[in-house]
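> quick one, structure for this:
(one chain, ligands or ions: 1)
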Amino acid sequence: MTRRVLRTAAAFSVNTLAAAVLFCGTPVSRSQSAGKSDPTFYADILPILQDHCQICHRASGIAPMPLQTYAQGRQWAKAIAGETESRRMPPWFADSRFGHFSNDPSLTGQQIETLVSWVNAGAPAGDPRDAPSPRKWDEGWNIPRPDRVISMTRPVSIPARGDVEYTYEIVPTGFTQDTWVRTSQVLPSSPGHVHHAVIYIRPPESKWLRRAPVGVPFTASSLKDPQDRHDAEWTDSDILLVYAPGSSPDQWPDSMGKLVPAGSDLVYQMHYTTDGKAASDRSAIGLIFNGHPPAQRVLTLQLTNDRFVIPPGLDDFRVEVHGTLPNDCTLLSFLPHIHLRGKRFEYNIVHPDGQIETLLLVNYDFHWQLSYRLAEPRQLKAGTELQAVAWYDNSSGNPHNPDATAAVHWGDQTYDEMMVGFFDVAVPAGMDKQRFFVRKSR
Ligand code: HEC
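Modelled structure (predicted):
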């Protein structure tokens, strides 16, 4: 896996882990104590909305309407019942046959029943004194108040139309000491235009993009130096966080973190898409630091295959990649990235006897690039073979397919395809990404 995993797809995308904290701790519905009486908004519905919906359905959330007040709940009551019964909401795409994930926001059967019987009973308000205290959300952040927010220095202008080449911006952290980050979230200022963002960590000794300008946006083709131009698209730098619409923040326990060495820069790699209206974006990343240096360091690795051709018209085309782990590690989470023709994505362990153990199977939806954090992190030994498999629907039956007559290759734009299985591992705090890929001779 060394080479393939290490390389960064010119492309980009996403990551990370999880709104875990936000979704755990489902309160017991009080309807149980209310006996046979119908559920009410304040006593029974609002707690579910707070815990499972408001992370998106709130003022300044990513969903089109807030679900914070009785009036809002009642207005959307029928749709709430329909969307939750069909399990379209809250969005979650892991096949429940494989794995358990700590950021799974899915409702229990009983919670769905409560919502549906509330709607059937005419969506009664009940007594406001039964309401839980309102949940406080920081403006835009789904994480607690960040210790530091590092914004792009300059906003990027996005044209009304056409493809936009990947845009980079190098932003100094100003950190005078090594800094461990346990929680982070990317906040685009124009979320509708951000197809993905990858935030790389560039330590002071790194030669990556050294001749490129700092603090101003640039694209690979705007760089004069051929080495820089090439470098823009290939790096083995560690990733701080990957963002795509619907992706969740990174949230690690205090015993783990991502290391941002003293004097590092953050390199924003932004993929903007256009929607007919010119705009500008100045994305930011919010960071919460570990209380003290953690025992384990989190690295984001990837399984990538960029050598496929998806023939026109096929509706279930399979692409795979695999590699063996060079060192022991603890597997924490996954973030698959494919484009509009993507259908399913799977992570497996291939055991020495050939048996395949599926760790995650995602029924992929391009508009929801979620990360999947293992409820129980998995210890993996050096030599473990990991496999990622993607399936694509390049037929005219795929409503998202931009062109069912095209043979499709790897490429940055959404009408091209990608095949990247990001995954996060924890390693001893003293290990870095380069050393992780040094194989011990056995
Ligand atoms: C991760 C973000 C997220 C979460 C969590 C979430 N939603 Fe949504 N919801 C959305 C977005 C975005 C839309 C807009 C439509 C779309 O993109 O699918 C939406 C649309 C809806 C709609 C409108 C569908 C229509 O008819 O237009 C309803 C109703 C809804 N959500 C209810 C819920 C309920 C109830 C919950 C919690 C149990 C929930 N959602 C959790 C993001 C979310």
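
> what is the mean pLDDT for the top helix by length along the chain?
What stands out as the longest helix in the chain, according to DSSP state H, is helix 109-120. The average pLDDT within helix 109-120 is 97.

> right, is it up against the ligand?
No: judged by Cβ under 6 Å from any ligand atom, helix 109-120 and the ligand are separated, with a smallest distance of 7.0 Å. The way it works is simple: take the backbone N, C-alpha and C, and place the C-beta from them, glycine included.

> pull that helix out as PDB, backbone CA atoms only.
This file holds the C-alpha atoms of helix 109-120, laid out as PDB (Å, rounded to 0.1, in the frame of the first residue of the first chain):
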ATOM      1  CA  GLY A 109     -37.500   1.900  15.800                       C
ATOM      2  CA  GLN A 110     -39.100   3.200  19.000                       C
ATOM      3  CA  GLN A 111     -38.100   6.800  18.300                       C
ATOM      4  CA  ILE A 112     -39.600   6.600  14.800                       C
ATOM      5  CA  GLU A 113     -42.800   5.200  16.200                       C
ATOM      6  CA  THR A 114     -42.900   8.100  18.600                       C
ATOM      7  CA  LEU A 115     -42.600  10.600  15.800                       C
ATOM      8  CA  VAL A 116     -45.200   8.800  13.600                       C
ATOM      9  CA  SER A 117     -47.700   8.500  16.400                       C
ATOM     10  CA  TRP A 118     -47.200  12.200  17.300                       C
ATOM     11  CA  VAL A 119     -48.000  13.200  13.700                       C
ATOM     12  CA  ASN A 120     -51.000  10.800  13.600                       C
END
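
> that helix: which residues count as buried?
If you call a residue buried by 16 or more other Cβ atoms under 10 Å, then helix 109-120 has these buried ones: 111-116, 118-119.

> of all those, which two lie farthest apart?
The largest separation in these, counting by Cβ to Cβ, is between 111 and 119 at 13.1 Å.

> near the ligand, which residues of the chain?
Proximity of the chain to the ligand, by Cβ under 6 Å from any ligand atom, involves residues 52-53, 55-57, 62-64, 76, 79-80, 83-84, 89-91, 105, 107, 246.

> okay, now the closest residue to the ligand within the stretch 151-300 of the chain: neighbour count?
Proximity of the stretch 151-300 of the chain to the ligand (Cβ to the nearest ligand atom) peaks at residue 246, 5.9 Å away. The tally of other residues near residue 246 (other Cβ atoms under 10 Å) stands at 17.

> same check, this time on residue 342
24.

> run through the stretch 201-350 of the chain and note the low-pLDDT ranges.
Along the stretch 201-350 of the chain, the model assigns pLDDT under 70 to no residue.

> could you find the closest non-adjacent residue to residue 277?
Residue nearest to residue 277 in three dimensions, not counting chain neighbours: residue 160, with 5.7 Å by Cβ to Cβ, 6 or more residues apart in numbering.

> next up, the contacts around the one you found.
Residues in contact with residue 160 (Cβ atoms under 8 Å, 6 or more residues apart in numbering) are 274-278.

> report the buried members of the residues you listed.
Buried members of the contacts of residue 160, counted by 16+ other Cβ under 10 Å: none.

> in CSV, list the C-alpha atoms belonging to the helix or strand where residue 331 lies.
Residue 331 is part of strand 329-337, with elements assigned from DSSP states H and E. C-alpha atoms of strand 329-337 as CSV (Å, rounded to 0.1, in the frame of the first residue of the first chain):
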residue,chain,number,x,y,z
CYS,A,329,-1.9,0.5,14.1
THR,A,330,-5.4,1.1,15.5
LEU,A,331,-8.0,1.5,12.9
LEU,A,332,-10.4,4.3,13.8
SER,A,333,-12.6,5.5,10.9
PHE,A,334,-13.3,5.6,7.2
LEU,A,335,-14.2,8.2,4.6
PRO,A,336,-14.9,6.9,1.1
HIS,A,337,-14.7,9.4,-1.8
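
> got a pLDDT number for residue 434?
In this model, residue 434 is scored at 85, pLDDT.

> do the same with residue 413
As predicted, residue 413 sits at a pLDDT of 79.

> quick check, it in a strand?
No: per DSSP: H, G, I helix; E, B strand; the rest coil, residue 413 lies outside any strand segment and is coil.

> for it, which non-adjacent residue is spatially closest?
Nearest-residue entry for residue 413: residue 163, 5.4 Å, with adjacent residues in sequence omitted and distances by Cβ to Cβ, 6+ apart.

> now do the SS call for the one you found.
Counting by three-state DSSP, the backbone at residue 163 sits in coil.

> how much space separates it from residue 119?
Per Cβ to Cβ, to the nearest Å, residue 163 is found 44 Å from residue 119.

> circling back: strands paired with the strand holding residue 331, and their directions?
Looking at strand 329-337 with DSSP bridges, its partner strands are strand 372-380 (antiparallel), strand 420-428 (antiparallel).

> how far off centre is the helix or strand just after it?
Downstream of strand 329-337, the first helix or strand assigned by DSSP H and E is strand 342-350. Mean C-alpha position of strand 342-350 versus that of the full chain (Cα atoms, centre = their mean, to the nearest Å) differs by 16 Å.

> what angle separates strand 342-350 from strand 329-337?
For strand 342-350 against strand 329-337, the angle by axes from the mean of the first three to the mean of the last three Cα atoms, to 10 degrees is 160 degrees.

> can you list contacts of strand 342-350?
Strand 342-350 is contacted by residues 303, 316, 322, 334, 336, 338, 356-364, 366, 380, 384-393, 398, 417, 421, 423 when judged by Cβ under 8 Å, 6+ apart.

> got the buried residues for that strand?
Going by neighbour count (16+ other Cβ under 10 Å), the buried part of strand 342-350 is 342-349.
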